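Undergrad: here you go, sequence then predicted model.
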Amino acid sequence: MRRLPVYILIDTSGSMQGEPIEAVKVGLADMVAALRQDPYALETVCISIITYDNEVKQILPLTPLEDLQLPEITTPESGATNTGAALKMLCDKYDSEVNRGSSEQKGDWMPLLFVMTDGKPSDIMDYKNIVPVVKSHAFTNIVACAAGPKAKTEHLKQLTDNVVSLDTMDSKTFRKFFQWVSLQVIGGGKSIGTTSSIELPKPPAEVNIVI
Amino acid sequence: MAQIIKATASDGSTVEFYDEVKAQGGMKDVYFSLSKQYVVAFYRKPLKELKASEKDRLQNIVGVYREKIFDKDPHGAYWKNLFAWPEKIVEWDGKIGLVVPFYDSKFFFSGGPFDKQEKNGKWFASAKLRNKFLPDDQKGTWLTHIHVCIKIARAMRRLHAAGLAHSDLSYNNVLIDPISGNACIIDDDGLVVPGKYPPDVVGTPDFIAPEVMTTRNLSIDDPKRKLPSRLTDLHALAVLIYMYLLYRHPLRGGKVWDLDPTKDEELLMGEKALFIEHPTDKTNRVKINDLEKSQLPEGDPSKLPYTICGPYLKPLFDRAFIDGLHNPSARPTAQEWEDALVKTTDLVQPCQNSNCKAHWFVFDNTTKPKCPFCGKEYKGQLPVLNFYYAPSHGRFMSENYRLMVYDKQTLYMWHVNRNIGANEKTSAEDKKPAGDFHFHNGQWILINRRIPDMYEILADGNKKQISVGGFVPLTEGRKILLSAKDGGRLVIVQLVNN
């Protein structure tokens, strides 16, 4: 059976400490709980979480939704936002974890990628170099999320046209954002329009899509 | 607490609901009413962007079509259980919404891991979801799944009889309750009226008909473009029935049509669609190595082939997935599915293994019946009643219709008389048991409860009445005239001995 891999990249740099990271954790936990109530998601979805600050860690390898236990997410006191290195790890994990199938065996669906940051890449050269590599990997959709007033969208726009910006980083905003993410994840099992795709539900009011 | 909104509906009544989106569908946001008797589903597309024809369609759905099925039909009350049909239109905040009755409580999980969630049909149509997540007490039996399929086929038969097509029949748009064997068709606002209102959706993945999938990328005005219609509903209906009885998809086999999963999906549901159990073309057979452990044994057609559904359903599956897969006019109608499903319930036998999860199986017309789900062989005597009818006086012809007997089973009027059907038209009187079967003192008997003219036909051709309250033993070759009235059936008993 084809799995639907979902990669979530979370900025854990120093500025995320305190309320923002707690809000992200609540949002993630809610999202997992909601997806576990959805038959389409339970049948197909696998999730991986990669955190990045000075260091990049895959804190959750690609795991079926039903077996998933959210690991502890920690943030250092201060430090860089190595978005480029995080995307590098993403590409490596994609290559090793996603089953691309063969002419004899069905592989996985093309993954979904969500990248969240509250700032801008510190490793700007690495970032620039890795963006084309990410794009050479097939994704169903890439959504980038710029959270809070200091987040910069211009780098994210190099990665994807789907950039969502959150004005604040409180738990209510993150909760709504992750609810919206869940809807994107389960969207594959829904009705398809005759002319184009049916418009997906709008992101929550606190979220602005950057065009 | 969310603010309360008051709005005036199309029929002048007041609609009150909380200003809070409780659920989101493909095109609509759902709000709950104060009374919990109904919900209001607003289209996200603003009213001013709605075409006149779209608005007109909604008005007809809550108007003439609703009246036709629910008010003018003498069995309207029956249909209300099978559809959550929009009742009125309401406008608010520049949007148009539909007032839809709240679903009956049996269509929500109560307790367990999915407490208060809608019973989306997908839960019950996938081996993995059933084997891994669904609590046992929610699964019903194989017989109640047949009952669910009967309700869906019947609802589609009624829609089609009204000249309508659903256009997006899928497990997302059917709530089912396998515990009681019920189903309810929801999201009826996408209805297609041939020549009048075109569909807005092509359907839901898994249920889109091959001809619609194949022509999906043509322009909507291209004459070769195929859109949902009554015939594509019939494809979706066949897929639903197959999935509810066998817990796998009839077209999802092992064949890789394209390395790109999106293209592969388009081909396997479209141009290249091929039944995984095609009798001669084995290209798309399920590969066991592709399956997860939780998909077994149901995911493996060699263990549980579609033929376990019995002699009435097998030819319909053949027509739906072999002859009619790429030839829509060959697909069985909803009426044919309903008839075959109803007749199949007369062929089921309780499994003698008390731990069998299916509980019931279809008699396989052999002398050594065996439950295909758990492998338990039937031990003991098994009476089979073969039905005959008289097209002209005194001359009886086989109907190719059998009733399997089990202990404490009921004989109904639709068994007794050929002119009585088991459907929405069955009267309360005809729903009362006519007789019952028992294994009593080492022999099978039929007790007549209320048929005044039931007779045993003796070997010399004479008739001997079986009085109300009396009984007749079921022995090999015995002939029983269930009723002497017009349409009354003659039974010839066969006994399987194991």
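TA: Looks like it arrived, so ask away.
Undergrad: could you check stretch B:159-171 against chain A for contacts?
TA: Yes. Part of stretch B:159-171 sits near chain A under the criterion Cβ under 8 Å from any Cβ of the partner chain, namely B:168, B:170. Glycine gets a C-beta too; all of them are placed from N, C-alpha and C.
Undergrad: so for that stretch, mean pLDDT?
TA: The predicted model gives stretch B:159-171 an average pLDDT of 92.
Undergrad: go on, stretch B:271-289?
TA: Computed over stretch B:271-289, the mean pLDDT rounds to 97.
Undergrad: span of it from start to end?
TA: Stretch B:271-289 has an end-to-end distance of 25 Å (criterion: Cα to Cα, to the nearest Å).
Undergrad: for stretch A:29-41, same thing?
TA: For stretch A:29-41, the first and last residues are 15 Å from each other (Cα to Cα).
Undergrad: now it: buried residues?
TA: A:30, A:31, A:32, A:34, A:35, A:36, A:37, A:38, A:39, A:40, A:41 (16 or more other Cβ atoms under 10 Å in any protein chain shown).
Undergrad: what does that stretch contact?
TA: Judged by Cβ atoms under 8 Å, 6 or more residues apart in numbering or on different chains, the contacts made with stretch A:29-41 from elsewhere in the structure are A:42, A:45, A:47, A:65-66, A:68, A:70, A:175, A:178-179, A:181-182, A:185-186, A:188-189, B:113-114, B:117, B:120, B:122-123, B:126, B:129, B:133.
Undergrad: chain B versus the one residue sitting closest to the centre of chain A, what's the distance?
TA: To find the centre residue of chain A, average its C-alpha atoms and take the closest one (Cα atoms, centre = their mean): that gives residue A:114, at 1.9 Å. Per Cβ to the nearest Cβ, to the nearest Å, residue A:114 is found 19 Å from chain B.
Undergrad: helices of chain A, start to end?
TA: Secondary structure of chain A (DSSP state H): helices located at A:19-35, A:39-44, A:83-97, A:124-136, A:154-159, A:171-186.
Undergrad: quick check: beta-bridge partners of residue B:28?
TA: residue B:43 (DSSP bridges).
Undergrad: per-residue confidence at it?
TA: Model confidence at residue B:28, given as pLDDT, is 85.
Undergrad: domains for chain B, by residue range?
TA: Following automatic domain parsing, one gets these domains for chain B: B:1-102, B:105-345, B:380-497.
Undergrad: nearest to chain B, of the buried residues of stretch A:29-41?
TA: For those, the minimum distance to chain B (Cβ to the nearest Cβ) is 4.1 Å, reached by residue A:39.
Undergrad: next to chain A, which bits of the stretch 151-300 of chain B? Give me the list.
TA: The stretch 151-300 of chain B comes close to chain A at residues B:168, B:170, B:172, B:190, B:198-205, B:208, B:220, B:227, B:254, B:256, B:259-262, B:264, B:287, B:289-292, B:295, as judged by Cβ under 8 Å from any Cβ.
Undergrad: show me what contacts the closest residue to residue B:53 other than its chain neighbours?
TA: Residue nearest to residue B:53 in three dimensions, not counting chain neighbours: residue B:197, with 6.3 Å by Cβ to Cβ, 6 or more residues apart in numbering or on different chains. Residue B:197 is in contact with B:53, B:54, B:56, B:57, B:60, B:191, counting by Cβ under 8 Å, 6+ apart.
Undergrad: can you pull the contacts of residue A:66?
TA: By Cβ under 8 Å, 6+ apart, the contact list for residue A:66 reads A:36, A:42, B:132, B:133.
Undergrad: wait, doesn't the second one sit right on residue B:129?
TA: Yes. Counting by Cβ atoms under 8 Å, residue A:42 touches residue B:129, with 6.3 Å between them.
Undergrad: quick one: which of these two has more around it?
TA: Shown here are residue A:42 and residue B:129; by other Cβ atoms under 10 Å in any protein chain shown, residue A:42 has more neighbours (22 against 19).
Undergrad: and the pLDDT at that one?
TA: Listed pLDDT for residue A:42 reads 93.
Undergrad: quick one: it and chain B, what's the gap?
TA: Taken as Cβ to the nearest Cβ, the spacing of residue A:42 relative to chain B amounts to 6 Å.
Undergrad: please apply the same query to residue A:28.
TA: Taking Cβ to the nearest Cβ, one finds residue A:28 at 19 Å from chain B.
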